[in-house]
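Peer 1: Sequence first, then the predicted structure:
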Amino acid sequence: FQFGWGSIIPDMYIGYLMAVVGELIAYFGLTPLVAWIGRRRTMMLMYGGAACCYLLAIPNVNLDAASGWTLESVSCLVGVVFVSAAFSGIYLWSAELAPTSHRGFVFGANSSAARVGSFLGPFIFLNLAQKLPKAAPLGGLAGLMVLCCVSCFLLVETGYKDI
């Protein structure tokens, strides 16, 4: 179950280890960032960072020819931090915005949407990669991240306020 990491990262085990470290950075770094600049700005920063990582993954640039690391592999590992932090931020935000009577349904809907995205991502990149250029799915995901960034601007800032 590589989910496409084997084609992006030269050493799959090092890639998974770095992705786990990135997830830890995202989860432990999100809380102080939310307390410092607020939920709305944090989420816009996370979605904007993910969009930049998707766009950086498009060109074919070899960073180290001997080891096989490319700009795509490094930007994907950095993108893990932004995407994981965005998921955690949305989870936090939905807990604050949803009334107690609806909170279980909202968490279930969030987890279901995340699960659909987790199996559509490898499908898009592994099956459509032979038919489309690499820029099409990555550009599409970057466009979705920009759309999420703009939609975060429309949500309520819940920090330091009674809801």
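Peer 2: Happy to help now that I have it.

Peer 1: Helix or strand: which one has the most centrally placed residue in the chain?
Peer 2: In the chain, the centroid-proximal residue (C-alpha atoms, centre = their mean) is residue 83; its distance is 1.6 Å. Following DSSP states H and E, the helix or strand that holds residue 83 is helix 71-97.

Peer 1: other SSEs contacting that helix?
Peer 2: helix 5-8, helix 12-37, helix 39-56, strand 62-64, helix 103-127 (3 or more C-beta pairs under 8 Å, 6 or more residues apart in numbering; DSSP states H and E). All C-beta atoms are positioned from the backbone trio N, CA, C, and that covers glycine.

Peer 1: burial of the nearest residue to the residue nearest to the centre of the chain once chain neighbours are set aside, as a residue count?
Peer 2: If the residues on either side of it in the chain are set aside, residue 83 comes closest to residue 50, at 5.3 Å by C-beta to C-beta, 6 or more residues apart in numbering. The local packing of residue 50 (other C-beta atoms under 10 Å) involves 26 other residues.

Peer 1: Please list all residues in contact with the residue nearest to the centre of the chain.
Peer 2: 26, 46, 50 (C-beta atoms under 8 Å, 6 or more residues apart in numbering).

Peer 1: In a helix, residue 157, correct?
Peer 2: No: the assignment for residue 157 by DSSP: H, G, I helix; E, B strand; the rest coil gives coil, which leaves it out of any helix.
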